[in-house]
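# how would this look folded up:
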Amino acid sequence: MSDSDTSALLGKADRIFYNGSIVTMAETEVTPPEAVAVRGEKIVFVGDLAEAKVKWQGIGTRMRDLAGACLLPGFIDAHGHIGGVGLQAMLANLLAEPDGDVASIGDVVDKLSAWADTDIGKRSEWIIGMGYDDSLIGGHPTRQDLNRVSTERPVLAVHQSAHLGAVNDRALELLEYDHDTKDPDGGHIGREDKRAEFGTPDGVLEETAFNPAFDRAVAGISGTDSGNVYVEGRKEYSRFGFTTAQDGGVKRDLLDALRLLQHTTGWQIDLAVYLKASELKTDADWDRLDASGDYYRGMRLAGVKLILDGSPQGRTAWLSEPYLKPPEGKGDGYAGYATLTDTEANEQVYQAFRRDLQVIAHVNGDAAIAQFIRAVRTACDRLGEPNAVARRPVAIHAQTATSKQIEDFARLGIIPSFFTMHTFYWGDWYRDVVLGEERAQNISPTAWALSNGLRYTAHHDAPVALANSIAILSSQVTRVTRSGKVIGDHQRVSVRAALDSLTRNAAYQYFEEDRKGTIETGKQADLVVLSVNPLELPEPEVLESWDDVRVLETVRRGETRFEAGAARRAETGGEVVNMGALVQYHC
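Next up, the predicted model:
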């Protein structure tokens, strides 16, 4: 019998954390505690160190000296795509600095060509890379650019928004996109004659025209490699301090595969999954959903996801006013487009509400946000309910929400979950190209949310950005762009408010505030150790102040899942599932 087993039998703690800053995030905290004791999956004590030793220290208790580091509740992913994170880790990295080194279309070609000769690339039917940003590399790669990578194999370069991408001639042939192919509803096939409705495709595909390319490309990844997608995703989440993850918007076949993993190998992170509502065609489809508030072997189906528009940075989001500088060939009145009709959006929200399913909705443009507000209001009216407070619907991204729409969120009980890293990655692009000076100042309007009493959350939307918890926090507090300018100084929030968005508020969004989000006795032992207490940064509104804040350890349900400097543990499990044909995400 081990010392830890002996301690458990004697009713003692497995670990006691002490000698550091302990930020519980609890509303009732008056004086920061000196120690936190963990036994099994639960926090069993929060308080004075002397008392912790007397009551909870046994012969097998590990005294975890924080050595001045900071202990916080584990971070909760308010919106992301854990499968996409693992996928991104194994494909060609087309990201620009600071997450990659792609600075031109030529770099995109070089990265894809190099990946094609890797072991994974050789086993893949398609040559695939993820993360290029047209705002930084001089535009989108064309079919001719990607023909330089290969003319025999299909090639796909995925835009950083994951709402569009570019392909070569071989891919266009496989997709059967040619001169006479009509744009699908909710999507667009780029043409060499930018102002023509038909004509030779230029290789750039948007939204529903892009989705088949992505699905086919990922389906062509070898099962040898795709089986590791979720393991790699989990490792990345843990590296950044996340103890709860999301797969936000999966198809039915992927949900079935995740269920198989759940029953065979289980998960080493709490995973909340949202099924795409568009997958549900009949009442019987809706009735068969087995959503639950409880995790079984680390996973639960948490609700459904709607997708109402596209990407502001890719200029496919649906706005109420035109883009400052529309894409070539779109015309001065271009304002993006919807992906669902009002009738479809209303029906999907209503069908979910009447079955007590949580709804999360991808809404970037203010026209799409307005459509979601109308759908929530219509569902409440049909059900005879004054608002949706008890249902906690979530407006994902809400990049361009107006002050009036934030007020509507508060009245209806809609939780905004902001992708606040847009302020850094695309703040300059919003100001100069997408929205213009005035509208750009209010992207990710966190301060408006606070002033209206909303418990907003913030997310990384990985793999659109890395699952970087520190970047989520700093983007809310600093709002500094790539060029070093502040965008929307009046929308900055405090460090405490930013921490709320990843802990207390995110737990509330998931209906899990009774077990997560704060360090309190009886709650799940989900913890993160940071090198620096963010509340004590000398100038938190300065981006460089965050450079020394790093994740040192991630503890999920009492077990360490990441430790800085430690060799990564080999992870193997039961049945191997070929995820190549199944990994899907729509960010």
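# Please count neighbours and contacts with C-alpha atoms only from this point.
Fine.
# need the longest helix for the chain.
helix 366-383 (DSSP state H).
# Contacts for that one, please.
Helix 366-383 is contacted by residues 308-309, 317-320, 338, 342, 345-347, 349-350, 353-354, 361, 363, 386-388, 395, 398-402, 405, 408-409, 412 when judged by C-alpha atoms under 8 Å, 6 or more residues apart in numbering.
# Give me the neighbour count for residue 117.
Look at residue 117: counted by other C-alpha atoms under 10 Å, it has 12 neighbours.
# Apologies, that question was intended for residue 564.
Quick note: residue 564 (other C-alpha under 10 Å) scores 12 neighbours.
# Return the backbone torsion pair for it.
phi -60, psi 130 (degrees, to the nearest 10).
# Surely residue 399 is within a strand?
No: read with DSSP: H, G, I helix; E, B strand; the rest coil, residue 399 is coil and lies in no strand.
# Who are the contact partners of it?
363-366, 418-419, 443-445.
# Now the buried members of those.
363-366, 418-419, 443-445 (16 or more other C-alpha atoms under 10 Å).
# Tell me the one among those nearest to residue 266.
Residue 266 has its nearest neighbour among the buried ones among the contacts of residue 399 in residue 419, at 29.1 Å by C-alpha to C-alpha.
# thought that closest one was touching residue 464?
No: contact criterion C-alpha atoms under 8 Å: residue 419 and residue 464 do not qualify, at 10.1 Å.
# how about the strands of the stretch 451-587 of the chain, start to end?
457-458, 527-530, 551-556, 559-563 (DSSP state E, counting those that start in this stretch).
# what residue ranges in this structure score low on pLDDT?
In the predicted model of the chain, residues 1-10, 567-587 satisfy pLDDT under 70.
# Can you flag which of the contacts of helix 366-383 belong to helices?
Judged by DSSP H, helices contain the following of the contacts of helix 366-383: 342, 345-347, 349-350, 353, 405, 408-409, 412.
# Turn the residues you listed into JSON lines, including neighbour count and distance to residue 511.
Shown next, in JSON lines, are those (neighbours: other C-alpha atoms under 10 Å; distance: C-alpha to C-alpha, whole Å):
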{"residue": "342", "neighbour count": "16", "distance to residue 511": "28"}
{"residue": "345", "neighbour count": "22", "distance to residue 511": "24"}
{"residue": "346", "neighbour count": "20", "distance to residue 511": "24"}
{"residue": "347", "neighbour count": "16", "distance to residue 511": "24"}
{"residue": "349", "neighbour count": "27", "distance to residue 511": "18"}
{"residue": "350", "neighbour count": "23", "distance to residue 511": "20"}
{"residue": "353", "neighbour count": "19", "distance to residue 511": "15"}
{"residue": "405", "neighbour count": "17", "distance to residue 511": "23"}
{"residue": "408", "neighbour count": "17", "distance to residue 511": "21"}
{"residue": "409", "neighbour count": "26", "distance to residue 511": "18"}
{"residue": "412", "neighbour count": "20", "distance to residue 511": "17"}
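# Can you name the residues that contact residue 244?
Counted by C-alpha under 8 Å, 6+ apart, residue 244 has contacts 74-77, 269-272.
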